[in-house]
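Engineer: Dropping a prediction and its sequence here:
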Amino acid sequence: MTALDRAFYDRPVLAVARDLVGCVVRHGATAGVIVETEAYHHSEPASHAYVGLTPRTVTLYGPPGVAYVYRSYGIHALLNAVCEPEGEGAAVLIRALEPLDGIAQMRVRRGAHMRLEDLCSGPGKLTQALAVGLELNGTSLVDGPIRFEAPVAARPEVELAVGPRIGITKAVELPWRFCAAGSRHVSRPWPPGHRDTLAA
DNA sequence: CATGGGATTGACT
DNA sequence: GTCAATCCCATGC
């Protein structure tokens, strides 16, 4: 399995967010298929990069293909992939995975009786399941401890569902959330009756 | 220097 | 459905 190269991330963040659905995140013996992403860009107020270059956003404004890991609500670690050329301040939030490898290890970290679809169905859940902590902020996704891999060729192409991002209060209207349509491993079920889907 | 607000989750009514 | 936990850091005085 080959890791995505740096050029993959050195593109518009929306394109990367779309293309990451179906890719694999691997850390140690645990891995999962990405089924949900969100794009964030310095030009819109929901992004941490909106405030400009500060100690907090150094990683976001750095080179693409690097992990941006930050603490959310004082409790959870959230994993992002830094995108676009250095200086642009853009990243894709990984919001949910379909567990692939090391599922027993995930249950040790998340709870022995946890259902499969609850192991990684949220941005804070998947970092706990894969043991991704704040110390991995700034590490390479190309040749660092966390690897993002291209989809296996045998895997059927996923249909993409597109909609507004979750859990934000600013720029709520932007349809910058991308899900594998019909997946039972996403963080929140898709609004019923939503037809705004397109091919991957 | 004090304050307020989260890109969430899990427990509880 | 509601709500607390918990802490870094950006902002404003």
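Structural biologist: Sure thing, it's come through. These numbers come from a predicted model, not from an experiment.

Engineer: Confirm that residue A:128 sits in a helix.
Structural biologist: Yes: membership of residue A:128 in a helix is supported by DSSP: H, G, I helix; E, B strand; the rest coil.

Engineer: Could you check the pLDDT of it?
Structural biologist: pLDDT for residue A:128: 98.

Engineer: Make sure it is actually in contact with residue A:107.
Structural biologist: No: Residue A:128 is beyond contact range of residue A:107, at 11.3 Å (criterion: Cβ atoms under 8 Å). Where C-beta positions appear, they are placed from N, C-alpha and C, glycine not excepted.

Engineer: Secondary structure class of the residue nearest to residue A:45 when sequence neighbours are not counted, three-state.
Structural biologist: Among residues not flanking residue A:45 along the chain, residue A:170 sits closest, at 4.0 Å (Cβ to Cβ, 6 or more residues apart in numbering). Following three-state DSSP, we place residue A:170 in the coil state.

Engineer: neighbours around residue A:170, how many?
Structural biologist: Using other Cβ atoms under 10 Å, residue A:170 is surrounded by 12 other residues.

Engineer: Next: residue A:5.
Structural biologist: Residues near residue A:5, counting by other Cβ under 10 Å, number 14.

Engineer: for chain A, what spans make up the strands?
Structural biologist: Per DSSP state E, chain A carries strands over the ranges A:24-27, A:30-41, A:67-72, A:76-83, A:90-101, A:146-149, A:159-163, A:177-180, A:197-199.

Engineer: Which one of those strands lies nearest to residue A:58?
Structural biologist: Comparison of the strands of chain A against residue A:58 by Cβ to Cβ identifies strand A:67-72 as nearest, at 9.5 Å.

Engineer: What helices and strands are in contact with that closest one?
Structural biologist: Here strand A:67-72 touches strand A:76-83, helix A:123-129, going by 3 or more Cβ pairs under 8 Å, 6 or more residues apart in numbering; DSSP states H and E.

Engineer: Mind doing that once more with 7 Å?
Structural biologist: Using 3 or more Cβ pairs under 7 Å, 6 or more residues apart in numbering; DSSP states H and E as the contact test, the elements touching strand A:67-72 are strand A:76-83.

Engineer: Can you list phi and psi of residue A:141 for me?
Structural biologist: The phi/psi pair for residue A:141 (degrees, to the nearest 10) reads phi -90, psi -10.

Engineer: give the contact list for residue A:74.
Structural biologist: If a contact means Cβ atoms under 7 Å, 6 or more residues apart in numbering, then residue A:74 has no contacts.

Engineer: What are the phi and psi values at it?
Structural biologist: Taking degrees, to the nearest 10, you get phi 70, psi 0 for the backbone angles of residue A:74.

Engineer: and it, how far is that from residue A:105?
Structural biologist: 26 Å (Cβ to Cβ, to the nearest Å).

Engineer: beta partners of the spatially most central residue of chain A?
Structural biologist: Compute the mean C-alpha point of chain A, and by Cα atoms, centre = their mean the closest residue is residue A:94, 1.2 Å away. Assessed by DSSP bridges, residue A:94 has beta-bridge partners residue A:37.
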